[in-house]
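Undergrad: one predicted model, sequence on top.
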Amino acid sequence: MKKYLMAAALLAAASAHAHVSLEQSSFAAGSYQKLVFRVGHGCNGSPTTAVSIRLPEGFAAMRPMPKNGWNVERSPDGLTWRGGPLPDDFYEEFVMFGKMPAVGSHVLKIVQSCQVGSANWEATLETR
């Protein structure tokens, strides 16, 4: 039992810093807000070259913040920043602004692409 608890603790500690995170995850429904996505590392040491964020239904068109060295591509369901590269030992923030959806829990799908490999993440946003 002790081995399983130690393994679970190590896994939780690793996943606590090993993801793309949303700076704030709770907003008033229908309000206009800035969403900040923090990329804390690359993919197993490889630099990040793109960050794609897919928004669920209910989000109005979001406005991306331009970032030097990165191009922004818009699609009906999200945004992708391409460029960099962002070295593994640096972090960066990717920002968008827009109207929050109706009351509920909303899962945002995130793909972090790197020079070698990629990683899939999720961030949950709550509107009240």
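TA: Yep, that arrived.
Undergrad: Pro47 - nearest residue in space that isn't next to it in sequence?
TA: Pro85 (3.6 Å; C-beta to C-beta, 6 or more residues apart in numbering). For every residue, glycine as well, the C-beta is placed using N, CA and C.
Undergrad: and the strands in this structure?
TA: With DSSP state E applied, the chain shows strands at 20-22, 26-27, 32-39, 48-54, 63-64, 70-75, 78-86, 92-99, 104-114, 118-127, listed in chain order.
Undergrad: what's the second one packed up against?
TA: What that stands for is strand 26-27. Strand 26-27 sits against strand 118-127, with contacts defined as 3 or more C-beta pairs under 8 Å, 6 or more residues apart in numbering; DSSP states H and E.
Undergrad: rewinding a little: is it true that the residue nearest to Pro47 touches Cys43?
TA: No: under the criterion of C-beta atoms under 8 Å, Pro85 makes no contact with Cys43, lying 11.0 Å away.
Undergrad: who touches both of those two?
TA: Taking C-beta atoms under 8 Å, 6 or more residues apart in numbering as the contact criterion, the residues that touch both Pro85 and Cys43 are Cys114.
Undergrad: for Ser25, see how far away Thr124 is.
TA: Distance from Thr124 to Ser25, counting by C-beta to C-beta, to the nearest Å: 6 Å.
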